[in-house]
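S.K.: My questions are about this predicted structure, shown below with the sequence.
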Amino acid sequence: MNVKIRNLGVIDNASIDLKPLTVFIGENSMGKTWAAYTLSAILGPHGYGKYLKTYLDGKTEQTYPPLDNAIKQLLEEGNAQIDLLQFANDYAEAYINDVARFAPRWMRALMATERVTFDNLQVQINLANAKTTFLEKITALTVENRLSVGSQSQALLNALKESGKTTLYLYSESDEVLNKLPVRAVKKFVGMQLFQTLHRTFYPNVYILPTERTGFIIFPFGAAQQDKITLEDAVEEINQSDIEPKITSLIDPVKRFLNMIIMTYRSTLVDREEHDNPQISNYVKLADFLETEILRGKLQFDLSGLRKELLFQASENTKLEMPIVSSMVKELAPLVLCLRYLIKPNEWLIIDEPEMNLHPAAQVELIEFLAMLVNAGLHILITTHSPYIVDHIANLMQAAKNEDKEGIKELFYLEQTAAFIPQEQVSVYLFEEGTAKNVVNEDGIIDWHTFDKVSSDVSDIYPQLLKT
């Protein structure tokens, strides 16, 4: 999937191919994080939610005749059919670009700013290289949704599509009930089936680990044990703590991160460990691997007190509260929780500066682990300033070409062939001078200079000082 971004902060014009592992590098204030957050909003649930409301208000620029016809037929006859594969083929790219077209209207709220204007922002998405895979996913998915009042009541509307089939069936079990429904309710239900299906085929969900994660992970969110905590409760609890400054406004990626942590407090492992999809149970195992091989300890929820509390077991007899654990544990705890309790195949994980607070050896281990996640069916985007991470990606791509993978795995920190990642699965972009440049050449060498120049400068200073 190719994305063109124009007029986003310092980014004048950039063209980016999103791959299963996408890496943004460059100096500070070059637009890496803004680009990541903007793409996550457009391609994630945020963009879908904003667009559905715009559609219901009749303000979208793109039209969808098959959708309009299905709504009309459903209202008149009580049932309708849409060839979902044909709809995706005809409208998927137009749909996601219409979502992007409205991004300037909600970017200020997303970034929690009144001082920055996004009026000239343009994002254009080209699906040409990804369309075959996209349509295969559409065919494979299952849709089974209902509109009802109360969990036990009769469905007012139904949507059904079987895996391997292309037809989406829309129907009501009672014409009498259907006639009483507002047209807007029918329009919303049908629109949800089509737009949500298209949107989730890009990425079923998006999880963001912002740089603020190391501060927010320390809060226990105790009310989550009773399933009563809301995002507003979490912010209020943080505001009443000793942290300074007080939080008055959070950007949307941080809000989503807080929601993610709240969700993990409410979750259990029963369904995850024995899930019918082996990929999901594998994510639980990968969370265990991350703890064992990198954190050298175990994250556990403790229920013995008045509130559910996240603790870190550093040794057999030592359990630590999150505020006093090492910075590395705070850094990686959200990733452990996300893998153990939430994430599903094909979802998108965005990590801003994953190297924060990590020793160089741990940085190398982490990029190997992230490559393992990609090979396990996830999509990863990171922004980074770490030369260890960037240079080691080249090693992992080269290792994927080696025929004797078992023979070379001991050269790597985690000693896992699952960390070897094919070059076609990776993109690395250097952000500088208002654009983003692909710096992976055809041989898999990452041709960049952001850190090399600094390293050379630092190395040259000492011998010059000796001469003076």
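M.R.: Nice, thanks for sending it over.

S.K.: Check for me that Ala88 belongs to a helix.
M.R.: Yes. Counting by DSSP: H, G, I helix; E, B strand; the rest coil, Ala88 is part of a helix.

S.K.: Helix or strand: which one has the nearest residue to it once chain neighbours are set aside?
M.R.: Distances taken as Cβ to Cβ, 6 or more residues apart in numbering put Ile138 closest to Ala88, at 4.6 Å, once the chain neighbours are dropped. Where you see a C-beta, it was placed from the backbone N, CA and C, and this is true even at glycine. In this assignment (DSSP states H and E), Ile138 forms part of helix 131-140.

S.K.: shouldn't the residue nearest to Ala88 be in contact with Thr201?
M.R.: Yes. Between Ile138 and Thr201 there is a contact under Cβ atoms under 8 Å: 5.8 Å.

S.K.: Point out where the stretch 151-300 of the chain drops to low pLDDT.
M.R.: Scanning the stretch 151-300 of the chain with the threshold set as pLDDT under 70 gives 151-153, 177, 220-249.

S.K.: can you give me the helices in it?
M.R.: Assigned by DSSP state H, counting those that start in this stretch, the stretch 151-300 of the chain shows helices spanning 175-180, 183-202, 213-216, 231-239, 252-266, 270-273, 278-290.

S.K.: Pull the residues that contact the last one.
M.R.: By Cβ atoms under 8 Å, 6 or more residues apart in numbering, the surrounding residues in contact with helix 278-290 are 269, 272-275, 332, 335-337, 339-340, 343-345, 369, 372-373, 376-377.

S.K.: Buried residues, the helix holding Ile138. List them.
M.R.: Within helix 131-140, the residues scored as buried using 16 or more other Cβ atoms under 10 Å are Phe134, Leu135, Lys137, Ile138.

S.K.: quick one: it to helix 183-202, angle?
M.R.: Orientation check (axes from the mean of the first three to the mean of the last three Cα atoms, to 10 degrees): helix 131-140 against helix 183-202 gives 120 degrees.

S.K.: quick revisit: hmm, which of the contacts of helix 278-290 are the buried ones?
M.R.: Applying 16+ other Cβ under 10 Å to the contacts of helix 278-290 flags 272, 332, 335-337, 339-340, 343, 369, 372-373, 376-377 as buried.

S.K.: Identify the farthest-apart pair in the residues you listed.
M.R.: Maximum pairwise distance among these (Cβ to Cβ): 20.3 Å, between Leu332 and Gly377.

S.K.: Find the centremost residue of the protein, please.
M.R.: Centroid check for the chain by Cα atoms, centre = their mean gives Val206 as the closest residue, at 2.8 Å.

S.K.: Between the helices of the stretch 151-300 of the chain, which one is closest to Leu43.
M.R.: Closest among the helices of the stretch 151-300 of the chain, once you apply Cβ to Cβ, is helix 183-202, at 5.1 Å.

S.K.: contacting residues around Ile25?
M.R.: Lys32, Thr383, Thr384, His385, Val390, Val428, Tyr429, Leu430, Phe431, Val439, Trp448, Thr450.

S.K.: count of residues packed around the fifth one?
M.R.: Which is Val390. 21 (other Cβ atoms under 10 Å).

S.K.: is it fair to say it lies in a helix?
M.R.: Yes. Val390 forms part of a helix when assessed by three-state DSSP.

S.K.: gap between it and Ser327?
M.R.: 22 Å (Cβ to Cβ, to the nearest Å).

S.K.: Next: the second one.
M.R.: In this structure, Thr383 and Ser327 are separated by 19 Å, where distance is defined by Cβ to Cβ.

S.K.: With neighbour numbers in mind, choose between the two.
M.R.: Thr383 (26 against 11).

S.K.: List of residues touching the helix or strand where the more buried one lies?
M.R.: Secondary structure assignment for Thr383, by DSSP H and E: strand 379-384. Where contact means Cβ under 8 Å, 6+ apart, the residues beyond strand 379-384 that reach it are 18, 20-25, 32-33, 36, 39-40, 203, 346-355, 370, 373-374, 389-390.

S.K.: from those residues, which ones fall inside strands?
M.R.: Among the contacts of strand 379-384, DSSP state E puts Leu21, Thr22, Val23, Phe24, Ile25, Trp348, Leu349, Ile350, Ile351, Asp352 in strands.

S.K.: can I get the residues you listed in a markdown table with distance to Gln196 and pLDDT?
M.R.: Below are these laid out as a markdown table (distance: Cβ to Cβ, whole Å; pLDDT from 0 to 100):
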| residue | distance to Gln196 | pLDDT |
| --- | --- | --- |
| Leu21 | 26 | 98 |
| Thr22 | 24 | 98 |
| Val23 | 29 | 98 |
| Phe24 | 28 | 98 |
| Ile25 | 34 | 96 |
| Trp348 | 16 | 98 |
| Leu349 | 20 | 98 |
| Ile350 | 20 | 98 |
| Ile351 | 26 | 98 |
| Asp352 | 27 | 97 |
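
S.K.: Quick one, which of these are buried?
M.R.: Leu21, Thr22, Val23, Phe24, Ile25, Trp348, Leu349, Ile350, Ile351, Asp352.

S.K.: Of these, which is the nearest to Glu114?
M.R.: Nearest to Glu114, judged by Cβ to Cβ, of those is Asp352 at 22.7 Å.

S.K.: quick revisit: nearest to Asn89, out of the buried residues of helix 131-140: which one, please.
M.R.: Nearest to Asn89, judged by Cβ to Cβ, of the buried residues of helix 131-140 is Leu135 at 6.2 Å.

S.K.: Tell me the residue in this protein that is farthest from the middle.
M.R.: The outermost residue of the chain, judged against the average C-alpha position, is Thr468 (52.6 Å), by Cα atoms, centre = their mean.

S.K.: how near is that one to Tyr462?
M.R.: For Thr468, the distance to Tyr462 - Cβ to Cβ - is 11 Å.

S.K.: distance of the nearest residue in space to Gln193 that is not next to it in sequence from Asn145?
M.R.: Nearest residue to Gln193 in three dimensions, chain neighbours excluded: Ala159, at 4.5 Å (Cβ to Cβ, 6+ apart). Relative to Asn145, Ala159 is positioned 5 Å away (Cβ to Cβ).

S.K.: These two: which has the busier surroundings?
M.R.: Shown here are Ala159 and Asn145; by other Cβ under 10 Å, Ala159 has more neighbours (21 against 16).

S.K.: List the contacts of the more buried one.
M.R.: Shown in contact with Ala159 (Cβ under 8 Å, 6+ apart): Val143, Glu144, Asn145, Arg146, Leu168, Tyr169, Leu170, Phe189, Val190, Gln193.
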